[in-house]
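Peer 1: Please find the sequence and the predicted model below.
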Amino acid sequence: MYTVKEVAKLLNLTEHTVRFYTDKGLVPSLERDKNNNRIFNDVSIHWLTGAKRLKKSGMSVEDIKKYVDLCLEGESTITERYEMIQKQKEAVLTQLEEVKLMAEFITNKEKHYRDILNGVIPDDTNPANWDNDKMPNTSCPLAKGEMPITH
């Protein structure tokens, strides 16, 4: 059996998070000692590990609770659980594409600054020095309301 402190350390969570997850019903196998302190067994740690992973994927605590409840109902809920995971996968993949765009932007920005530092191009990065009629790098998607890929 493990204490909140031990579980938090084991799973690299804060004690507050462990308590929060248990208060939200994400650890159905949670037990309490004679002083009403939370105590965790291996199954409780499995539930917490699953909740942590789903949360890291961006799933809301409410949806994790629904997922836990469906798991407790058994195999008859596999389709519904699958659909929840599929929906979360789509959300994660969308976020991944956004992060890829941000990575491309910052990589191009870093290259642009390197070119300035190496004297290849003049410094055109300070918005205070931009002329309204002549924006630097007119191909910049930011001027078009898109995700900027250059500076």
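Peer 2: Here it is on my side, so go on. Numbers count the residues shown, from 1 in each chain.
Peer 1: how is the chain carved up into domains?
Peer 2: Per automatic domain parsing, the domain ranges recorded for the chain read 4-73, 95-144.
Peer 1: pLDDT on the first one, on average?
Peer 2: In this model, domain 4-73 has a mean pLDDT of 95.
Peer 1: what does the last one give?
Peer 2: Domain 95-144 shows an average pLDDT of 81 in the prediction.
Peer 1: Of the domains of the chain, which is nearest Q86?
Peer 2: Proximity to Q86 (CB to CB) singles out domain 4-73 among the domains of the chain, at 12.1 Å. From N, CA and C alone the C-beta is placed, and that goes for glycine too.
Peer 1: re the thing from before, which one of the domains of the chain is the most hemmed in?
Peer 2: Mean neighbour count (mean count of other CB atoms under 10 Å) peaks for domain 4-73 among the domains of the chain, with a mean of 15.
Peer 1: quick one, helices of this protein?
Peer 2: 4-11, 15-23, 42-56, 61-73, 78-117 (DSSP state H).
Peer 1: so what's W47 up against?
Peer 2: Residues counted as contacts of W47 (CB atoms under 8 Å, 6 or more residues apart in numbering) are L26, V27, P28, S29, V68.
Peer 1: contacting residues for the second one?
Peer 2: With CB under 8 Å, 6+ apart as the criterion, the residues that contact V27 are Y21, F40, S44, W47, L48, A51.
Peer 1: Just want to check the distance between the closest residue to R81 other than its chain neighbours and E31.
Peer 2: Spatial nearest neighbour of R81, excluding adjacent residues (CB to CB, 6 or more residues apart in numbering): L70 at 5.1 Å. In this view, L70 and E31 are 22 Å apart by CB to CB, to the nearest Å.
Peer 1: do the same with K111
Peer 2: 56 Å.
Peer 1: One more: T107?
Peer 2: In this view, T107 and E31 are 50 Å apart by CB to CB.
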